[in-house]
Structure formats: C-alpha cells, structure tokens
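In: have a look at this prediction, sequence included:
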Amino acid sequence: MSVKSPKTKRLHQIILWGIFISGAFLFIFGALEENIMYFLTPTEFLEKPFKKDKIYRIGGIVQKGSIIKAPKKMETIFKVSDTKQALTVKFKGIPPDLFQEGKGVIAEGKYLDGIFVATKILAKHDENYTPLSFKEKEGFKSKQTLN
Amino acid sequence: MIIIITFTVWRQNALFLYQHKCAFFVPRRGQVIPLTPTKVLNFIKRYIKQGFIFSWLVLGVGLFFTFYLSPPDIVQGETVRIMYIHVPCAWGALMTYFAMACCSLYAFWQQTPLLHYITRSMAPVGTLLCGLSLITGAIWGKPTWGTWWVWDARLTSMLILFLLYFGYTFTVKYLKPESQALKIGAFISLVGALNLPVIKWSVNWWNTLHQPASIMRLAKPALDKAFLWPLGIMCLGLFCLCLCLFFLNLYHHLKTRKGLTKGKRYS
C-alpha cells in the first residue's frame, strides 16, 4: 500500500467514524420504534391486542356527521376514522377550537367495552394553508389529508 | 440547505472579491491567496453596519406583510401569523447546524483553525433560532392543537437539537485548553448532524402531531401565494440578520484570539 498523506488518513478516519455512529443511531432508533409513534390509526390500533387499563393514543379524521354533543354532561361522542376503519370515542370536557368534522384529531385515553374513553383531545391540522377569502368562492373544498 | 453549502464555499472567494477595498494589494489573476483572519476582520469591519441596516429594513417589510398584508387562514384564523416567525426560525436553526457540521468536517480535513472559530460564531445564532422556534411553536400550538407541548418525534428531536447547541456552546466555552475544546465541539456538531434528517423526516416516517412539510417537499407547496410572499421576505430578513450576528460573533472571537479584546484571552 502506498504511503497516505495525513489529510487522506483523516478523511478515512472521518468516513469510518461516520459509518460507526450512523450504525449506532440506527440501532437506537430501531429499539425506540414503538415509542416514537405518537399515535396509532384506528386500523393499527384494532390490529394489536390491547390491554384494558393502558393509555393509548389514536389519531385520524373525525368522521362527518358523527359528532354528538351533550352540553349538560360536557360529553362529546364522535367517530375517528382513517378511511378504512372507524372507532367511537367518548370525551368528557371542552374540545379545542379546531375540533371539527372532517378535520384531524388525536385522542388519548383507554379502550373500554368497544368505546375509546378519551381523557385528552388534541386537534390536528394538516399542512395546507388557504386564505380565508377562498371560503366565499363557489365550489371550494378544503383539502384534508390523513396526516 | 443547498444555498448554505454554496454560500460557505462562495464566502471564501467573496473575500477575495472585496480585497481591493480593504487590503493593501490587489491579487493578480490566478494568484491564490489564503484566507487569513486579518482579511476576515477587515471585511467584517467594512460591511457590518450596512448589513445590519439592510437586514432590519427587510425584517421591517416582512413584519408589515405579516401583520397587515397576509390573509388569515381558513382553518386557523389569525393565529397563522405566528408561522411567519416560527418557520424561518426553524429552518434557520436547521441550516445553521448543518453549516456548523460542514465547517467542522472541513476543519478536521484541512486542519484550519479559522473554520473552528467560524463554527463557534454560528452556535449562538443557531441556539437563538432553535429556542425561538420552540417557543413560538408552543405559543402556536396552544390555540390550534390545544397543548403547549407533546413528546412527538418532531418536537422531541428539535429539543435534542437545542440541547446539542447548548452542549457545543458549553464545551467550547468551559473546556481548557482551547484547541482541544474546539475539536471536541466540532465532534459534537458532526455527531449531532445525524439528528437533522430525523428532524426533517420525522413527520413522514412516524405518526406525529406536527403536520408534514408544506413547502420543503417534492410536491407543489401547500401554501397559497398570499402566504408564501410574507414567508419569503421574513426568511430573507432573518437570514441577513443572522448573518450579521454571525459576523459580529466572528469579529469578537478573532479579536480575542489575537489578544486585542480587554480582559479576555484564549489559551
């Protein structure tokens, strides 16, 4: 092997360190895979066997026409869907302002007797931004993506 | 990010272009002159005032756009205006860290101490931007999502970036001797650079509360033109301001290295 200059040696060292550390990061992320998902979609949630008293988070889009409000009991019942499956969610409390039909939501709580009893609701908004003036235009439909 | 790479490569040549205004001789065609701290100091002294005036002007125009000329969003209403501070800060924090990593890599390869000082000057700017993006994000999240903070992938990785910035700053500030501290700091910036792809693609790889990318993606931007103009102006203004702050930091560090500041010395 020919004699390498210090500069080339340093370059090789950098490349080797880079590969080693990238490998370590990939290993760590592989181990954390389950916790990195902030929420599960209804399909993913129903696939797994769930524990009764464990707190889960499910996310999806509020199904149109599914919000039922009981203002006296401060309860809201709605369905979360990911276009394939829907889950009924019961929430006690005041939902956030952006909580609407056809918009994203994340519910945190327990799954009891076929209904997801949520203790916390977070409204999720998608990446589309449209000016308010577009509302008046005819035939305008806001695009709501699953993410 | 491509802009930052081209800029960091171009900067070295730019100082040659302005040579005739501040140095004692003009380089002839083909003459290679190394970048020395004195040349950098002269460049900064010459242009820093104009730089600050320009950047504040652009930011002023940008803020006017933000508060008067930008339309409210159809879903979020007026709170969308926080985006014009949050997004440029977040982009700036990522790009600054990327530039720091590139400079550190280049410094290790070429063994140039000046590049370590450049990295060191970028760190406070990056910390400020990262902190601002986290705070404005929390302020934006409370009315829209309903919470100040969640431990989802995007927010957690941005917090990790913030901690990395602090790690770098404290390492280079408190470790003695100076040259060793800079090398360890450069190592931190290189290892932390692996966090950057995680931040960028965390919203695509995993289910997060934070929404996916609206602009920096392969598809068409999800923002209307009315939103893109104020955002672009704020980005430009913030970039210029951060550049000026960076040059100010660099000036201070280089002067200290030369022993020309009162009371502070580098070992």
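Out: That came through, no problem.
In: give me the pLDDT value at the residue nearest the centre of chain B.
Out: Geometric centre of chain B, nearest residue: B:Thr96, 3.2 Å, by Cα atoms, centre = their mean. Note on B:Thr96: pLDDT of 95.
In: pull up the gap between it and chain A, please.
Out: 21 Å (Cβ to the nearest Cβ, to the nearest Å). (Each C-beta comes from the backbone N, C-alpha and C, glycine too.)
In: so which strand or helix has that residue?
Out: Assigned by DSSP states H and E, B:Thr96 belongs to helix B:83-110.
In: interface residues of the stretch 101-250 of chain B facing chain A?
Out: Contact residues, the stretch 101-250 of chain B versus chain A (Cβ under 8 Å from any Cβ of the partner chain): B:105, B:108-111, B:143-147, B:150-153, B:190-191, B:194, B:198, B:203, B:206-209, B:211-214, B:222-224, B:226-227.
In: PyMOL command for the buried members of those residues?
Out: The PyMOL command for the buried members of those (criterion: 16 or more other Cβ atoms under 10 Å in any protein chain shown) is given here:
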select buried, chain B and resi 105+108+143+144+145+146+147+150+152+153+190+191+198+203+206+207+208+209+211+212+213+214+222+223+224+226+227
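In: and the residues of the stretch 101-250 of chain B next to chain A, which of them are in helices?
Out: B:105, B:108-110, B:143-144, B:153, B:190-191, B:198, B:203, B:226-227 (DSSP state H).
In: ok, which pair from those residues is furthest apart?
Out: B:Gln110 and B:Pro143 (49.0 Å; Cβ to Cβ).
In: low-confidence ranges, chain A, go.
Out: Counting by pLDDT under 70, chain A shows low-confidence ranges at A:1, A:34, A:135-147.
In: quick one, helices of it?
Out: All helices of chain A, identified by DSSP H, fall at A:6-31, A:33-36, A:42-47.
In: ranking the ones you listed by burial, who's on top?
Out: Each of the helices of chain A was scored by mean neighbour count; the highest is helix A:42-47, a mean of 17, by mean count of other Cβ atoms under 10 Å in any protein chain shown.
In: and it, how far out from the chain middle?
Out: 13 Å (Cα atoms, centre = their mean, to the nearest Å).
In: which helices and strands does it pack with?
Out: Helices and strands touching helix A:42-47, by 3 or more Cβ pairs under 8 Å, 6 or more residues apart in numbering or on different chains; DSSP states H and E, are strand A:56-62, strand A:86-92.
In: deepest-packed of these, please.
Out: Of the helices and strands packed on helix A:42-47, strand A:56-62 is the most buried (mean count of other Cβ under 10 Å), at a mean of 24.
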